[in-house]
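Q: Sequence plus predicted model, see below.
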Amino acid sequence: MATASNEPAARTRHWRSTAATRKQILDAAAEVFAELGFRDANVSEVVNRSGSSVGSIYHHFGGKTELFLAIWDDLQDALLADAAQGVADARAAGETDALAVFQGGAQGFFDGIWKRRNTAKIFFVGDVPPEFANTRRDRSQEWLRRNSTLLHLGKSARDRMQVGVYTSVISEASQEIVQCRSRREARAIIEAALDIVARLDPRQAR
């Protein structure tokens, strides 16, 4: 019979096992979606590649659409962490200008996109479930809010437009980065995007 002192360790082992199973399933699902697209992908192939079971997949996620959306959420969380690290690095280097700090965050985001390009491609091909439109819109709004705060912008029409333009540059550059065949090509896109962001700074016109 387990004692009370053993229960936290048992819960920790269970959590680790659950997290490992979830990651294993999502990694396999990402491969399947990347190769077959959403429409032609099927849960059976995810089962084969993950070594899991249909029951386990439906227990953790619920189905093919939920798998797709879970991959997107995990990717966005990872990219958010990459961007936050870029911001922290810029500030640690002594940057205090809001736009320069934003560019540091963008650099971190771009590096994360390149690192995870095989997964990111899934979401740029157009073969996505109908539910994805709402999920993408919600995340886009979250990025806009975060970028607005980082850039110290307000809620005026001009400020909303400015943060929207900056965020659009990052998004468009990301779509180009995932298509690059080498780190050198990706670096050129990243440098061009950061240069565009700098040139769009309203202070440059003063």
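A: Happy to help now that I have it. Numbers count the residues shown, from 1 in each chain.

Q: can you give me the helices for the chain?
A: Ranges of helices within the chain are 7-40, 43-50, 54-60, 64-92, 98-115, 117-120, 132-150, 157-177, 183-199, based on DSSP state H.

Q: Packed most tightly, which of those helices would that be?
A: Comparing the helices of the chain by mean neighbour count (mean count of other C-beta atoms under 10 Å), helix 98-115 comes out on top with a mean of 21. For the C-beta atoms, the positions are set from N, CA and C on the backbone; glycine is no exception.

Q: and His152, what is it in contact with?
A: Ala98 (C-beta atoms under 8 Å, 6 or more residues apart in numbering).

Q: Roughly how far does it sit from Ser56?
A: Relative to Ser56, His152 is positioned 46 Å away (C-beta to C-beta, to the nearest Å).

Q: what do you get for Ala19?
A: Look at Ala19 and Ser56: by C-beta to C-beta, they are 13 Å apart.

Q: pLDDT weak spots in the chain?
A: Within the chain, the stretches with pLDDT under 70 are 1-17, 204-206.

Q: The same query, at a cut-off of 90, please.
A: 1-22, 52-53, 56, 58-60, 62, 124-127, 201-206 (pLDDT under 90).

Q: Domain-wise, how is it divided?
A: Following automatic domain parsing, one gets these domains for the chain: 1-62, 71-205.

Q: Export stretch 157-172 to CSV, keeping only CA atoms.
A: Extracted C-alpha coordinates of stretch 157-172, given in CSV (Å, rounded to 0.1, in the frame of the first residue of the first chain):
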residue,chain,number,x,y,z
ALA,A,157,-5.9,54.6,-34.9
ARG,A,158,-2.3,55.6,-35.8
ASP,A,159,-0.8,53.4,-33.1
ARG,A,160,-3.0,50.4,-34.0
MET,A,161,-2.0,50.8,-37.7
GLN,A,162,1.7,51.1,-36.7
VAL,A,163,1.7,47.9,-34.6
GLY,A,164,-0.3,46.1,-37.3
VAL,A,165,2.2,47.0,-40.0
TYR,A,166,5.2,45.9,-37.8
THR,A,167,3.4,42.6,-37.0
SER,A,168,2.5,42.0,-40.6
VAL,A,169,6.2,42.4,-41.6
ILE,A,170,7.1,39.7,-39.1
SER,A,171,4.3,37.4,-40.3
GLU,A,172,5.2,37.8,-44.0
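
Q: quick one: contacts of it?
A: With C-beta under 8 Å, 6+ apart as the test, stretch 157-172 has contacts from 102, 106, 109-110, 140, 143-144, 147-148, 151, 153, 193, 196-197, 200, 202.
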